[in-house]
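**Q** I'd like to go over a predicted model; first the sequence, then the structure.
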Amino acid sequence: MNPNPRQLTLLKVVQSQGSVTVEQLAETLGVTLQTVRRDVQRLADEGLLARFHGGVRVPSSTIENIAHQQRENLNAEGKQRIARAVAASVPNDCSLILNIGTTTEAIAKALLYHTGLRVITNNLNVAAILSANPQCEVIAVGGVVRGRDRGIVGEAAVDFIRQFKVDIALIGISGIESDGSLRDYDYREVKVSQTIISHAREVWLAADSSKFNRPAMVEVAKLSQIDRLFTDAPPPEPFPALMTEAQVRCEVAPIR
């Protein structure tokens with residue numbers, strides 16, 4: 001297709017922000033919701049955009065994640081709601097592991113007023129956020145620091161995490177595919193996440209609605225390895241049945 005000027009503007013808005021709701025696009029472009037939905041459908045059919053519940057985002061690659069700043073903007077409001085819901089469920093005086101991701105960074109901000117936490121993380125952004133909480137002991141994992149997002153990966157990180165057994169692992173993920181697999185891009189990061197999952201008494205997955213049916217190359221785990229899933233919108237088919245079968249407790253964060 002040859003996008004018209006309005007559709008080109010729509011593309012630029014989405015590319016600059018990572019993701020946008022349909023309502024935001026209608027307001028920005030000064031057109032009706034019906035017009036936006038029609039444009040989004042055409043652009044999605046051409047592979048120029050990817051749709052998710054209530055909005056649209058830049059299309060995904062199976063081998064490379066989008067930039068950290070774009071991911072921060074991607075459904076930021078939904079991630080904040082998820083973070084509040086997770087924080088409301090985390091008790092004081094417990095041990096946690098948080099992995100790499102902008103959703104776990106949002107969770108860290110929501111945990112700033114908890115007391116008695118001991119947090120292990122391979123995410124330097126999470127460590128910097130939670131170190132501002134005097135009632136929280138932060139343990140940063142050793143290993144190779146990935147410059148693009150300040151995540152710590154590699155065998156040294158795996159060996160470090162193997163020393164611990166925590167109450168709750170709070171993990172993010174790049175994609176959840178329709179076969180029930182949780183997926184990510186960097187196999188070094190995946191090895192660390194797999195170790196985190198195996199060294200926690202409970203595993204809580206925080207994934208906004210854009211992660212469902214999003215492809216990525218490397219399998220981290222199966223839904224059956226997760227105890228609770230926090231998201232911002234009811235998951236699409238076939239995920240409700242998959243979660244029921246896997247005995248995963250799904251919690252949709254409320255809109256305030």
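**A** Ah, there it is. Residues are numbered from 1 along each chain as shown.

**Q** quick one: contacts of the host helix or strand of Ala241?
**A** Element membership for Ala241, per DSSP states H and E: helix 239-246. The contact list for helix 239-246, computed with CB atoms under 8 Å, 6 or more residues apart in numbering, reads 176, 178, 180, 212, 222-224, 226, 229, 234-235, 250. Backbone N, C-alpha and C define where each C-beta goes, glycine included.

**Q** ok, of those residues, which come out buried?
**A** In those, burial by neighbour count holds for 176, 180, 212, 223, 226, 229, 235, 250, counting by 16 or more other CB atoms under 10 Å.

**Q** Turn these into CSV, columns for secondary structure, distance to Arg57 and pLDDT.
**A** Shown next, in CSV, are those (DSSP: H, G, I helix; E, B strand; the rest coil; distance: CB to CB, whole Å; pLDDT from 0 to 100):
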residue, secondary structure, distance to Arg57, pLDDT
Ile176, strand, 15, 94
Gly180, coil, 22, 95
Phe212, strand, 12, 89
Leu223, helix, 22, 97
Ile226, coil, 23, 98
Leu229, strand, 20, 98
Pro235, coil, 16, 91
Cys250, strand, 21, 98
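
**Q** And Gln135, how close does it get to Asn92?
**A** Applying CB to CB, to the nearest Å, the value for Gln135 to Asn92 is 8 Å.

**Q** Likewise for Pro238?
**A** Using CB to CB, Pro238 is found at 37 Å from Asn92.

**Q** more crowded one of those two?
**A** Pro238 (14 against 11; other CB atoms under 10 Å).

**Q** Need the pLDDT of the nearest residue to the more buried one once chain neighbours are set aside.
**A** Among residues not flanking Pro238 along the chain, Ser178 sits closest, at 5.8 Å (CB to CB, 6 or more residues apart in numbering). The model reports Ser178 with a pLDDT of 91.

**Q** tell me the contacts of Ser178?
**A** Contacts for Ser178 were tallied using CB under 8 Å, 6+ apart; they are 213, 238-239, 242.

**Q** Which of the buried ones among the contacts of helix 239-246 sits closest to Gly151?
**A** Nearest to Gly151 among these is Ile176, at 19.6 Å by CB to CB.

**Q** who does the closest one bridge with?
**A** Leu182, Phe212 (DSSP bridges).

**Q** just checking, it touches Arg214?
**A** Yes: between Ile176 and Arg214 a contact is recorded at 7.1 Å, counting by CB atoms under 8 Å.

**Q** and for the two, which residues touch both?
**A** Here Ile176 and Arg214 share the contacting residues Arg183, scored by CB under 8 Å, 6+ apart.
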